[in-house]
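In: A predicted structure for the sequence below; I have some questions about it.
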Amino acid sequence: MTGTSFYSLEKISDGRSGGTTQAETRVYNERLVVALVRRHGQLSKSDLSRLTGLAPQTITTIVNRAADNQLLLRREPLRGRLGQPSVPYALNPDAAFSFGLKVDHRSADVALVNFVGDVIAFERVEFDYPTPNEIMTFAKGAVARMRRKHKAIPNERIAGLGIASPFHQWNLAEDADAPKGRLAAWGQIDIRAELDRTFDWPVYLFNDATVCAAAELMFGAGSTCADFVYAYVGYFLGGGLVLDHHLFPGRSRLAGALGEIPVHIAGKRADRISPLRLVASLHSLSGRLPDGTGRQLWSSPDDWGNLGGVLTEWIDEVAEGLAQATRGAVALLDVDNIVIDGAIPPEVRREIAKAVRRKLSRVLGDRPEPFSVLEGKFGHLAPAIGGASIPLLVKYSNDKESLFKD
């Protein structure tokens, strides 16, 4: 990755090609420096000059401006090397903050996150299939309470609110066995626009699994992986895609939708072809449990207790489906990593990852680079943290997909 004195022609929303201005080039290079420091943890000016290809004088100007704006912090000089001591710079955790709102079929979360992904405040509420009005009431109240508790955070340092929701993709009423009226209400209201009128900062709406991939890009696996497909095991399974250290949402913001890939599942009675989202899902697991016990999947996402052989059988089906979908993704995209996470206990995530790793080792072992199956970092917090990552990504990253778009 290098800096630039000009832009290559980039595709913009109406299909034309657009150039760039000198001011946009400066903004891009500044954000490139911040993105590289985020990825590496800390870097000196000479490191940044080497990584970007920009002149040392240019890097000095950018880093000094970022430090003056409190985006970067000057660390203690690194001594014991030849020449002058090297002075590294790191991200300032208090440089910016962002809110994330997660919505799913049974719960909603609000998280306040700082510039390095630490969760400063968090609230959750459970529902029997929420309506937009219930979500907006909860979100407004939670944000207000967090703002009162953290009065020291200046309003200008809040980058925005990111909403992570499955409800803007398709009608899930049939799959979810949900009251049709409650889910239908999501097609009659623009929750992003409604909340945008409430707050002083920009509000964004993305598919929940897409923003989970953004959380890993900004604060998790993105520091070690240039490319990865992402799978999130929630009420249904969703996915996301990161290419060359950039979130790739696609033109319709639905790229990386692993859950829609058809997979072959061997059954006791008959084999079947099913979308992966219906196989690798908490909805599928809850349907196998005795009446009344499935609720613990949502109320205790970090500890399900002992579910016995039902869980073991489900884990194997999830792993088989993920392995099949991953093979297709690898063939199409030439990626070397999959990150697996979900609203599931860490030990369950670990067993799924181990099983996927075993199944893929036999079919992807001859790739030029070793294929890695990685565990996500955030568990059931991923959608809320991912929602909060979107305003930070838009405002502070060098991602060309969002950098100069309205």
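Out: The structure has been received and is ready for your questions.
In: got a list of contacts for the host helix or strand of residue 49?
Out: Element membership of residue 49 [criterion: DSSP states H and E] is helix 45-52. Contacts of helix 45-52 from elsewhere in the structure, counted by C-beta atoms under 8 Å, 6 or more residues apart in numbering, are 1-3, 29, 32-33, 36-37, 40, 43, 54-56, 59-60, 62-63, 86-89. Bear in mind the C-beta positions are built from the backbone N, C-alpha and C, glycine included.
In: show me those residues that map onto strands.
Out: Secondary structure defined by DSSP state E assigns 43, 88-89 of those to strands.
In: want to throw those residues into CSV with pLDDT and neighbour count?
Out: Below are those laid out as CSV (pLDDT from 0 to 100; neighbours: other C-beta atoms under 10 Å):
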residue, pLDDT, neighbour count
43, 95, 23
88, 94, 19
89, 96, 23
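In: CA atoms only for stretch 202-216, dumped as PDB, please.
Out: Extracted as PDB, the C-alpha positions of stretch 202-216 are listed here (Å, rounded to 0.1, in the frame of the first residue of the first chain):
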ATOM      1  CA  PRO A 202     -24.500  11.000  11.100                       C
ATOM      2  CA  VAL A 203     -26.400   7.800  11.300                       C
ATOM      3  CA  TYR A 204     -25.600   4.800   9.100                       C
ATOM      4  CA  LEU A 205     -27.500   1.500   8.400                       C
ATOM      5  CA  PHE A 206     -25.800  -1.700   7.300                       C
ATOM      6  CA  ASN A 207     -26.400  -5.400   7.300                       C
ATOM      7  CA  ASP A 208     -25.500  -6.800  10.700                       C
ATOM      8  CA  ALA A 209     -23.000  -9.400   9.400                       C
ATOM      9  CA  THR A 210     -21.300  -6.800   7.200                       C
ATOM     10  CA  VAL A 211     -20.600  -4.500  10.100                       C
ATOM     11  CA  CYS A 212     -19.300  -7.500  12.200                       C
ATOM     12  CA  ALA A 213     -16.700  -7.900   9.400                       C
ATOM     13  CA  ALA A 214     -15.900  -4.200   9.800                       C
ATOM     14  CA  ALA A 215     -15.300  -4.700  13.500                       C
ATOM     15  CA  GLU A 216     -12.700  -7.400  12.800                       C
END
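In: what about the residue nearest to residue 134 when sequence neighbours are not counted, how many residues close to it?
Out: Using C-beta to C-beta, 6 or more residues apart in numbering and skipping residues adjacent in sequence, the residue nearest residue 134 is residue 127, 6.4 Å away. When counting by other C-beta atoms under 10 Å, one arrives at 17 neighbours for residue 127.
In: can you map out the strands along the stretch 251-400 of the chain?
Out: For the stretch 251-400 of the chain, the strands defined by DSSP state E, counting those that start in this stretch cover 262-265, 272-275, 337-342, 372-375.
In: can you list the strands that the first one pairs with?
Out: By that I understand strand 262-265. Within its sheet, strand 262-265 is paired with strand 272-275 (antiparallel), according to DSSP bridges.
In: which positions in the strand it pairs with come out as buried?
Out: Going by neighbour count (16 or more other C-beta atoms under 10 Å), the buried part of strand 272-275 is 274-275.
In: next one: it to chain centre, how far?
Out: For strand 272-275, the gap between its own C-alpha mean and the chain's C-alpha mean amounts to 27 Å (C-alpha atoms, centre = their mean, to the nearest Å).
In: and for stretch 393-400?
Out: Its chain's average C-alpha position is 14 Å from that of stretch 393-400, according to C-alpha atoms, centre = their mean.
In: who's in contact with that stretch?
Out: The contact list for stretch 393-400 (C-beta under 8 Å, 6+ apart) reads 10, 28, 31-32, 34-35, 71, 96, 115, 159-160, 202, 204, 214, 217-218, 246-247, 402-403.
In: low-confidence ranges, the stretch 1-150 of the chain, go.
Out: Counting by pLDDT under 70, the ranges of the stretch 1-150 of the chain that qualify are 1-21, 80-85.
In: swap the cut-off to 50 and go again
Out: Counting by pLDDT under 50, the stretch 1-150 of the chain contains low-confidence residues at 1-17.
In: rewinding a little: make a markdown table from the strands of the stretch 251-400 of the chain and add mean pLDDT and distance to residue 233 to it.
Out: Formatted as a markdown table, the strands of the stretch 251-400 of the chain follow (pLDDT from 0 to 100; distance: least, C-beta to C-beta, whole Å):
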| stretch | mean pLDDT | distance to residue 233 |
| --- | --- | --- |
| strand 262-265 | 88 | 14 |
| strand 272-275 | 87 | 14 |
| strand 337-342 | 96 | 3 |
| strand 372-375 | 96 | 12 |
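In: how about the contacts made by the residue nearest to residue 134?
Out: Taking C-beta under 8 Å, 6+ apart as the definition of contact, the neighbours of residue 127 are 106-108, 134.
In: kindly report the same for residue 161.
Out: The neighbours of residue 161, taking C-beta under 8 Å, 6+ apart as the test, are 98-101, 139, 143, 195, 199, 201-204, 387-388, 391.
In: now do 6 Å
Out: 99, 199, 203 (C-beta atoms under 6 Å, 6 or more residues apart in numbering).
In: what residues sit buried inside the helix or strand where it lies?
Out: In this assignment (DSSP H and E), residue 161 forms part of strand 158-164. Along strand 158-164, these residues count as buried under the neighbour rule (16+ other C-beta under 10 Å): 158-164.
In: same question, stretch 68-75
Out: Of the residues in stretch 68-75, those buried by neighbour count under the rule 16+ other C-beta under 10 Å are 71-73.
In: columns secondary structure and distance to residue 184 on top of these, output as CSV?
Out: Rendered in CSV, the data for the buried residues of stretch 68-75 read as follows (DSSP: H, G, I helix; E, B strand; the rest coil; distance: C-beta to C-beta, whole Å):
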residue, secondary structure, distance to residue 184
71, coil, 44
72, strand, 48
73, strand, 49
